[in-house]
Each structure stands twice: as C-alpha cells, then as structure tokens.
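**Q** quick one, what's the 3D model for this:
(chains A and B)
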Amino acid sequence: MALRKPAALGDTQVMASTIDLATLSLELASLEASARRGAARTLGAVPEAVPLLCDRLAVESALSVRSAIVTSLIRLKSERVVEGLLPFLRSEDTGLRNAVIEALQEMPSEVEPFVAELLADADSDVRIFAVNIVSLLPHPSTPLWLTQVVAEDEHVNVCAAAVEGLAEIGTEHAIPALEALPGRFPDVPFIAFAVSAVIRRIRGL
Amino acid sequence: MPLSSAMTMRQGHPPISEEEYNIFFEFFYRRTGILFNDKKGYFVEKRLHDRMEKTGSTSFRRYFDLVRFQASGEELQCLVNIMTVNETYFFREDYQFNALVQGMLPEIARSRKIGDTLRIWSMPCSTGEEPYSVAIQIIENWSRADDFAIEIRGSDIDTRVLNEARQGIYGERSLHRLTPALRAKYFQSVGPDRFQLREELRESVDFSIANIVDPLHTTRYRAVDVIFCRNLLIYFDDVSRRLAVEALYDCLSPGGFICLGHSESMSRISSMFQPRKFGDTIVYQKPLGND
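**A** This is a model prediction of the structure:
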C-alpha cells in the first residue's frame, strides 16, 4: 500500500462565493465547533457582523472558536469593535479577558478615544486591564497616559501596573510622577523598589 | 532612509511615490498576508519595476490598476511568484523527519485500522524537496508504511514552484544532504548538475496551489494528520499568523501534528495546540477532543 497519490486539487484559483449573513449567523450558533469556526472566520470580512461576533464571543466556550472570533474582530477593527469588546474586560473568564486585551492592543487608533474613560473606570480591575492594554499599544501617547496613571490613580495595583509599563517606554517626563509615587503609598515597600528600578532604567544607569 | 525614499531613487523607471507604495503594500498584504519591511526595500522595488516594464506600464498607477482590477488575477499571481523567496533542499531540518517516523506516525497509526488513509501536507512546499523528503523518509524508515495508504500533498502560493516540483528536477545543492545510496535509488541524471526524481515517487505526491490565509483555499485541505509548515509564519504579521494558524487547525484531524521551523514557536501564536517533544524536536498537536 504505502504511498498513494491523493486526488488532484490543481492550481485553479478558488473563487469567493457570496457571503450570506443570515446563513453565517445560523452557522455561528451551530452545535459543531468547526462550523462555528468557519462562520466566524468568514464573518471577518463583513463589517456588519461585528455585533453578531461580539454576541457569540460572550457565550462561546470552545477555545478555537473564540480565537477565530477574536481574529475576525481584529480584522474588522473599528471603534464599533472596541465598543463591543470593552464589556469583556469585566468578564470573570481570564482566558476571554486576555484574548480581548490582545485584540484591543492590535487596534491603537480605534482604542484611543476610549482610553481616558477606561483609565477612569470605577472598577480598579478594569483600570488595571486598561493599563495592560495601553502599555503594549503602539501609540505615541502611551507614555503620557501611563504617567498620568502614576500621578493620579488612587489604587496601588493600578499604579504598579503603570510603573511596569513605563519600564519599557518611560521617558524623563515620567520621572517626577514616579518619584512622587512612593510618598503616595508609603505602606507598600514594593512601590519604592519598583519606581527606583524604573527610574534607573529611564536614566540608563 | 525610509523604504519609500530609497525606492524612488532607481534610475530609468517611472517614480513611485510614498503614498503609492503604501497603497500597494496594504493591498498586497490584504491579498496575501505578506508584509514587507524596510529591509526588503530594494527587493520589492526591483521586482515591481521589472513587472512594470514587462507589462508596459508607463506609471505605477497604471500598473497597480492592472494588478488591482484584472479579473483573472494573473498579474497578481505573477507578483506573488516573484515576491516570495524559495530556498530549500532535501532533508532540511531532518530531525523532524525522524520525529515523523519515530513518533508522530506511530502514534497516529495506533488509532487507525490497517488500510486506513494517513494524510501529510507540506505547506509551503516550494519546489518539492520537503514533500519528496517525507516520501523517501517514510519508504525508507517507517516499518508500518505498507499498512496504510499514505497521501502526501505539497502546496504553495507560487504556481511557478509548483510546476518545478511536479517536474522533480534538482541541482547538486538540493541533493547535498542525500546519501549516495539514496541518490542512486531515487534519482537519475538528466544533464549536467540535473537530477530527476524517479517517476513513481513524483507520481506519489500531489501538488496544488494554496494561500494559507485565505479560507477559500484552505477548506480544500481537511483531515490532515501531519502538516509541515516550516519557516513560513515568521514572515507574517500578527493577524496573518493568527489566520494561518487557525486555518491549519481546521485542516488537521483531532490529534494531528504541525511541524514548524526550528526558530518558530506556536506558543507565541496560539494556545489551541499542545506542544509535544519527539526526540530533539518540539511539534504541536491538535487536541483529541471534539473541538
């Protein structure tokens, strides 16, 4: 038996078929994960499908389908996508939250209008996730945003996350806020240690 | 110097503006998933100008219109063919071929009946050295090869290399890692520094076009047991890499394996696969569960 030539597929260019949103919507709710993955992937070319994809993301349990939905939302990146993804930052599902954070980091311009609101959220956990997003966002305002967090946020863990972010992208402008931070949290020795390390790094010492 | 500034300096060719380059790059990326950086400046520039000359395009805009709106997609395919680099040889990174016959195939075979089909896909296959190496490795080194119908496919986005793969004619450089015994057994000389793979082996592998980031292409490949996708994902950006990996996931059978290049790691890209170590190499397995 051994080697057997497979049926030929050839070099014919594969042509796109018409995208039917109604059918794909049904497939996205299929019991078969492979059908849901296929639908999620195809919908990555359909801007109108953003609400559909976000709704499915909220209930999707299969890791591979979730990944396909997130990838499609990244492909469709827009402020509408950001609006659809932000509620997941409050999810108890760590995997989902991380996937959403990764996705938001892929769309810096679209995230920008939401940064101020996110960094002022009443929930300190959401503010930490916001700092996580901002820290890796390829956006020129990132050092400024993180410096503002260090200067103003009242929660030590949010500030600690921002200090960590500044370790990579901080500039001299961040140093006054960093130097003031240990005085704002005198009972947390870790902050003084972290700030000192980041300032050394910024100054290239 | 920025990529576009460097590019517009070639003499004797219609100039290409920075904005035109940006438009081209976005288009080419969207259609192929291939992203160029500054290091590829001269490479891209030379090939674009060559194509503009060959198609008689008097300006970049005219050439881009041809590529962008041509119904057959012929010129876009020409561009893809010349923009992709194909460097390969028989038994490159051969520890993975050893892992194939010593680890992956025996494991897959345990859950199959005698006579079942096992599917192996080499993507991108370039001029065929990789899928043919797989074929030789299985014939030479897997004792259970005769128990199964083993189908090997090779795919590439470049139709020119696929045609070369079907011909199976190679130079000394491609064969340098083969023992004299294997050369004598599987190749015949067809000219100075030209060796052709014997027909029965050429006939055992099917070659077909595939663009890994295009779902319309990859849906043609299903129930694959082992995919060799080496040194391709490193050239992709994050989104294309995600798309490619998700497409490969769907192509695999539950429990199937992906072999990446030695400098690549799936863990950076996706948590959908489980890393498995076979001998000196790590490969990535699709979970057995019904996902």
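
**Q** now name the helix or strand holding the residue positioned nearest the centre of chain A.
**A** In chain A, the centroid-proximal residue (CA atoms, centre = their mean) is residue A:101; its distance is 2.1 Å. Here residue A:101, judged by DSSP states H and E, is contained in helix A:94-105.

**Q** packing partners of that helix?
**A** In this structure, helix A:94-105 makes packing contacts with helix A:63-75, helix A:79-85, helix A:124-136, judged by 3 or more CB pairs under 8 Å, 6 or more residues apart in numbering or on different chains; DSSP states H and E. Placement of C-beta: from N, CA and C, glycine included.

**Q** looking at the ones you listed, which is closest to chain B?
**A** helix A:63-75 (4.4 Å; CB to the nearest CB).

**Q** which regions of the stretch 51-200 of chain B sit below the pLDDT cut-off?
**A** B:85-86 (pLDDT under 70).

**Q** flag every residue of it that's near chain A.
**A** B:73, B:77, B:115, B:117, B:119, B:135, B:138-139, B:145-153, B:159, B:162 (CB under 8 Å from any CB of the partner chain).

**Q** buried subset of these as a ChimeraX selection?
**A** Here is the ChimeraX selection string for the buried members of these, based on 16 or more other CB atoms under 10 Å in any protein chain shown:
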select /B:77,119,135,138,139,145,147,148,149,150,151,152,153,159,162
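
**Q** just the ones of the residues of the stretch 51-200 of chain B next to chain A in helices?
**A** B:77, B:135, B:138-139, B:159, B:162 (DSSP state H).

**Q** hmm, the residue nearest to the centre of chain A is touching residue A:130, no?
**A** No. Using CB atoms under 8 Å, residue A:101 makes no contact with residue A:130, being 9.3 Å away.

**Q** mind listing the shared neighbours of those two?
**A** residue A:89 (CB atoms under 8 Å, 6 or more residues apart in numbering or on different chains).

**Q** how about the helices in chain A?
**A** A:21-27, A:33-42, A:50-59, A:63-75, A:79-85, A:94-105, A:108-119, A:124-136, A:142-152, A:156-169, A:175-184, A:189-203.

**Q** tell me the angle of the longest one relative to helix A:156-169?
**A** Using axes from the mean of the first three to the mean of the last three CA atoms, to 10 degrees, one finds that helix A:189-203 and helix A:156-169 are set 20 degrees apart in direction.

**Q** what is helix A:189-203 packed up against?
**A** Against helix A:189-203 (3+ CB pairs under 8 Å, 6+ apart) you get helix A:156-169, helix A:175-184.

**Q** which ones are touching residue 198?
**A** This is for chain A. Taking CB under 8 Å, 6+ apart as the test, what residue A:198 contacts is A:163, A:166-167, A:170, A:178.

**Q** actually, chain B is the one I wanted.
**A** Residues in contact with residue B:198 (CB under 8 Å, 6+ apart) are B:186-188.

**Q** ok, now residue B:245?
**A** B:233, B:266, B:269-270, B:272.

**Q** looking at the residues you listed, state which has the most neighbours.
**A** In terms of neighbours by other CB atoms under 10 Å in any protein chain shown, the contacts of residue B:245 top out with residue B:233 at 23 neighbours.

**Q** re the thing from before, and the contacts of residue A:198, which two are furthest apart?
**A** A:167 and A:178 (10.3 Å; CB to CB).

**Q** compare the two (neighbour count), which wins?
**A** residue A:178 (23 against 17).

**Q** for the nearest residue to that one once chain neighbours are set aside, give its distance to chain B.
**A** Once flanking residues are discounted, residue A:178 sits nearest to residue A:195: 4.9 Å by CB to CB, 6 or more residues apart in numbering or on different chains. Distance from residue A:195 to chain B, counting by CB to the nearest CB, to the nearest Å: 30 Å.

**Q** state the pLDDT value of residue A:195.
**A** With respect to pLDDT, residue A:195 has a value of 96.

**Q** that one reaches residue A:179, doesn't it?
**A** Yes. Assessed by CB under 8 Å, residue A:195 is found in contact with residue A:179 at 7.2 Å.

**Q** of these two, which one has the most company?
**A** Each of residue A:195 and residue A:179 has its neighbours counted (other CB under 10 Å); residue A:195 has more, 23 against 13.

**Q** spit out the contact partners of the more buried one.
**A** A:163, A:178-179, A:181-182.

**Q** most tightly packed of the helices and strands packed on helix A:189-203?
**A** Greatest average neighbour count among those goes to helix A:156-169 (a mean of 21), per mean count of other CB atoms under 10 Å in any protein chain shown.

**Q** neighbouring contacts of that one?
**A** Outside helix A:156-169, the residues that reach it (CB under 8 Å, 6+ apart) are A:124, A:127-128, A:131-132, A:134-135, A:142-143, A:146-147, A:149-150, A:153, A:174, A:178, A:181, A:184-185, A:188, A:190-191, A:194-195, A:197-198, A:201-202.

**Q** where in chain A is pLDDT low?
**A** For chain A (pLDDT under 70), the answer is A:1, A:10-18, A:204-205.

**Q** tell me the contacts of the residue nearest to residue B:29 when sequence neighbours are not counted?
**A** Distance criterion CB to CB, 6+ apart; nearest residue to residue B:29, sequence neighbours excluded, is residue B:35 at 5.2 Å. Going by CB under 8 Å, 6+ apart, residue B:35 touches B:25, B:29, B:235-237, B:240.

**Q** show me the residues around residue A:182 that make contact.
**A** Per CB under 8 Å, 6+ apart, neighbours of residue A:182: A:191-192, A:195.

**Q** meant to ask about residue B:250
**A** A:34, A:37-38, B:218-219, B:222.
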